[in-house]
Every structure is written in structure tokens, then in C-alpha cells.
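*Asks:* predicted model, plus sequence, below.
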Amino acid sequence: MASTAPPPALTLPPSQFARLQPHAYLLAHLSPPASSNQPSLRANGRQPAQFRPTSANTGSLTHTNGSAVVRVGDTTAVCGVRAELLPTSDIASWSVSHASSGAHKRATTTKNDADADEDESQIQDLNLLVPNLSLSTGCAPGFVPGAPPSALAQSLSHQILGLLHSTRLVRAEDLRVWYQVPTFGGDGDGDMDVDIKAFWVLYIDIMIISLAGNAFDAAWAAVLAALRDTRLPRAWWDADNEMVVCSEAVAEATRLSLRGLPVASSFCVFEADAAAGWRAVIVPDAEEEKKIEEDQRRGMQRRWILADPDGYEEGLSQERVCLVVDREMGKTVIVKMEKNGGWAVDGRELKQLVDIAAERWESLKLILEQC
């Protein structure tokens, strides 16, 4: 007598359930039953405030002035910095705005912040920092190699450029090529009469070769590591040939003296209500806030703030927060705070996110110092 085959199982493996019901799958991990005594973990096994493992390596590209490869989980960014000279004779407005003032004064003392603000305007006015991010590398199924720049790539490039300007990370003094004007007489002490003959333009190219969520944090970390690795050759003005000459000696190249170490930390808000993604965003009133507090006291959590979201979590979240922090004299300084997509994160939670971002700054600082 032939044996009958067992009926097919009615259960689904976790990978298929995650594709069919992504919101319910993540919610089941973040809100386990109270009887299970299991902690609230994300689908990738991380705690809500835990970042993915991060590694960095510098000097990987030999044809650039500085380079770095940063990997945050499965997201990998490669950054290369190329320096090119921009003679002041090629700047249309230079002769009008600077020739009438004659020779400049190059002070030997350190400038204060007010003078630095005036100098840093040159970087923005002359476009001395040119970042460009590319996603057309086959980094994800949605980005085909050879395709034109996507909206996400252009948005990330603009974000990086804005952050470079707002943080004043690169000093304008490092990008200037000076020429000391011959003087006759005088003791030669104090200030020197010098002319600016050229500027270094830094072309910062970022390629995302693997995208698994949170591309901005990985790209910005790669930019930081590459700028810390950048060396500019010694350059001077040759008055006889009327051109800028660079030294080929590697030992004479100088590093950039960057201002601080601004580190970006991104977060997303996952809502327990699956319809929160398409409902109109309404500012919660006092009654709604009271209901949220009562649910929290009873252990019924309605939203979770997830640090360093991966691609799966980004697709299920509407509200996002990005914090850029630095350390000055042992104190945490908020360089940038960006929040969009909802009203879930309030002032109290923002303070908690700042503390998490400060811990992220400490860990990333150790990683970059070991490169």
C-alpha cells in the first residue's frame, strides 16, 4: 500500500514573512509578549540604540591626495580627495575685489573666530570644496550601474556640501598658495606683505559600493577619514616663470589642520500603527499626549526610536532625525540637528538622542584614530 505524502506545512520561514508583512515582522521583534521575558530587539538583532559595527581604512587609493573606505554594517562608502590648483588669475572677480587693496597681510599669530569666519567665506564663495556622491555602482537593486545621478545621490551631495560649510571643517589658510612680495628696508618683524596667487580646490568623490541603509552617516564618516588622510604638496609662486610650482618630495607635503571632528548620527522612528505612514500628520493635543503616557506606564509602547537604521527599517519609518555633534573642551556641542517626517520625537527624547550621539562620537573617534 502506497504511503501518502505528509501535508505541506502552513508555517512560513522568517525571510518570507518579513517580505509579506514587513511592518508586523519588525513590530513582533520590538514588542515581544510579556510572558516571554525577552528584551525588545530589532529584526537584525540589535538593540534600539545600538549602531552597526563600523570599520575604517585610509590610504587605499594611491592616485588621490587622501582616501578612505568606511564600512557601517553592510553599507560601504569609498571617498577620494583630489587637490587641483586654481590660480587667482582664473577667478573673474578676484582682480576686482582684491587687486585694489594691494598686498595682503599674513599675520603670524593665530586668528580668532571672527577672523576665521571672514576667511572661511572664501571657501564657499570660490567653491573650493566640491563633493560628489555616486550611487550608480550597483550598490543596491534600485541603483543600476551607469544610470544618471538619482535624486538621493544629489540630495546626499548637497547635504555633505552644506555640512562642510556649516562646520568650517577645512581651514581656508590650508588652501592658499602665498607669494611673499619683496620688500626693501624695514626690520622684517611682525606681519609679512604677501599675495595670494592660487587656491587648492578639493574634489571630494564618494562612491557607495554597498547600500544597506543610512548612506549619509557612512558617506560623512568616509569624508572625515579621507580629509584626515589628505596631504597637500608644498606649493609656491615662481616669479620668474609666473606660475605655481609644486614640490615632488613627499616629506614636504602637509596635512590639513581640520577644525574638530563632527560626527553624524541618524535615527528613525518606527510606529506601532501600520497606518501611520499614510495618515495625515497631526500635531498631538493634550489628550493624545496623555494617552501616550498612559500606554507607556502600562508597558504598551507605541513607537521606537532606532539608531543607525538599515534599509529594511528605513522603508518602514516616516520620521527621521540626524544629529551632528562634536567635542570642545570636554563638552558635547550640537553642530547640526535635522528632524523631519513627524512629531513623535519631543525635547526630552532629543536630549536622549544627543547623549547617544555623544557616545557614537567617542567610538568613531577611536576608529578614525586607529587608521
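*Replies:* That came through, no problem.
*Asks:* shaky segments in the stretch 101-250 of the chain?
*Replies:* Applying pLDDT under 70 to the stretch 101-250 of the chain flags residues 101-119, 183-192.
*Asks:* which residues of it fall in helices?
*Replies:* Ranges of helices within the stretch 101-250 of the chain are 113-125, 151-167, 215-229, based on DSSP state H, counting those that start in this stretch.
*Asks:* and those as TSV, adding mean neighbour count and distance to Gly142?
*Replies:* The way it works is simple: take the backbone N, C-alpha and C, and place the C-beta from them, glycine included. Formatted as TSV, these follow (neighbours: other C-beta atoms under 10 Å; distance: least, C-beta to C-beta, whole Å):
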stretch	mean neighbour count	distance to Gly142
helix 113-125	13	33
helix 151-167	17	9
helix 215-229	25	12
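*Asks:* how about TSV for these, with distance to Ala83 added?
*Replies:* Listed next are the helices of the stretch 101-250 of the chain as TSV, based on distance: least, C-beta to C-beta, whole Å:
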stretch	distance to Ala83
helix 113-125	14
helix 151-167	15
helix 215-229	11
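*Asks:* so who does His29 touch?
*Replies:* 40-43 (C-beta atoms under 8 Å, 6 or more residues apart in numbering).
*Asks:* which of those residues has the weakest pLDDT?
*Replies:* Scanning the contacts of His29 for pLDDT, the low point is Ser40. It has 87.
*Asks:* number of nearby residues for that one?
*Replies:* Residues lying near Ser40 (other C-beta atoms under 10 Å) number 12.
*Asks:* what sits against it?
*Replies:* Neighbouring residues of Ser40 by C-beta under 8 Å, 6+ apart: 29-32, 47-48, 301, 304.
*Asks:* verify the stated contact: Ala344 with Glu319.
*Replies:* Yes: assessed by C-beta atoms under 8 Å, Ala344 is found in contact with Glu319 at 5.4 Å.
*Asks:* returning to that earlier point: filter the contacts of Ser40 to the buried ones?
*Replies:* Those of the contacts of Ser40 that meet the buried threshold are 29-30, 48, 304, by 16 or more other C-beta atoms under 10 Å.
*Asks:* out of the residues you listed, which is nearest to Ile367?
*Replies:* Nearest to Ile367 out of the buried ones among the contacts of Ser40 is Pro48 (C-beta to C-beta; 21.9 Å).
*Asks:* so for the contacts of Ser40, which is the shakiest by pLDDT?
*Replies:* Scanning these for pLDDT, the low point is Gln301. It has 75.
*Asks:* so what's that one closest to, chain neighbours aside?
*Replies:* Once flanking residues are discounted, Gln301 sits nearest to Ser31: 6.4 Å by C-beta to C-beta, 6 or more residues apart in numbering.
*Asks:* ok, the one you found touching Ala272?
*Replies:* Yes: using C-beta under 8 Å, Ser31 is in contact with Ala272, at 7.0 Å.
*Asks:* give me the common contacts of the two.
*Replies:* Residues touching both Ser31 and Ala272 (C-beta under 8 Å, 6+ apart): Gln301.
*Asks:* where do the strands sit along the stretch 251-371 of the chain?
*Replies:* 254-255, 263-271, 303-307, 319-328, 331-340 (DSSP state E, counting those that start in this stretch).
*Asks:* out of those, flag the one nearest Trp236.
*Replies:* For the strands of the stretch 251-371 of the chain, proximity to Trp236 was assessed by C-beta to C-beta; strand 254-255 is nearest, at 12.7 Å.
*Asks:* partner strands of that closest one and their direction?
*Replies:* strand 231-232 (antiparallel) (DSSP bridges).
*Asks:* coming back round to it: indicate which one of the strands of the stretch 251-371 of the chain is closest to Ala77.
*Replies:* Here strand 263-271 is closest among the strands of the stretch 251-371 of the chain (C-beta to C-beta), at 12.1 Å.
*Asks:* so in that sheet, which strands flank the closest one, and in what orientation?
*Replies:* strand 303-307 (antiparallel), strand 319-328 (antiparallel).
*Asks:* let me know which of these is tucked in deepest.
*Replies:* strand 303-307 (a mean of 23; mean count of other C-beta atoms under 10 Å).
*Asks:* and the angle for that strand with helix 215-229?
*Replies:* Computed by axes from the mean of the first three to the mean of the last three C-alpha atoms, to 10 degrees, the angle separating strand 303-307 from helix 215-229 equals 20 degrees.
*Asks:* contacts for the longest helix belonging to the chain?
*Replies:* Longest helix in the chain, counting residues (DSSP state H): helix 347-369. The contact list for helix 347-369 (C-beta under 8 Å, 6+ apart) reads 49, 51, 54-56, 221, 224-225, 228, 261, 263, 265, 267, 305, 307, 321, 323-327, 332, 334, 337, 339, 345.
*Asks:* shouldn't Leu86 be within a strand?
*Replies:* Yes: read with DSSP: H, G, I helix; E, B strand; the rest coil, Leu86 is one of the residues of a strand.
*Asks:* switch to numbering from 99
*Replies:* That works, and once the first residue is 99, the last one we named lands at Leu184.
*Asks:* residues near it, how many?
*Replies:* The tally of other residues near Leu184 (other C-beta under 10 Å) stands at 18.
*Asks:* what's opposite it in the beta bridge?
*Replies:* Beta bridges link Leu184 to Phe297 when assigned by DSSP bridges.
*Asks:* residue contacts, it?
*Replies:* Residues near Leu184 by C-beta under 8 Å, 6+ apart: 224, 226, 296-299.
*Asks:* just the buried ones out of those residues, please.
*Replies:* Applying 16+ other C-beta under 10 Å to the contacts of Leu184 flags 224, 226, 296-299 as buried.
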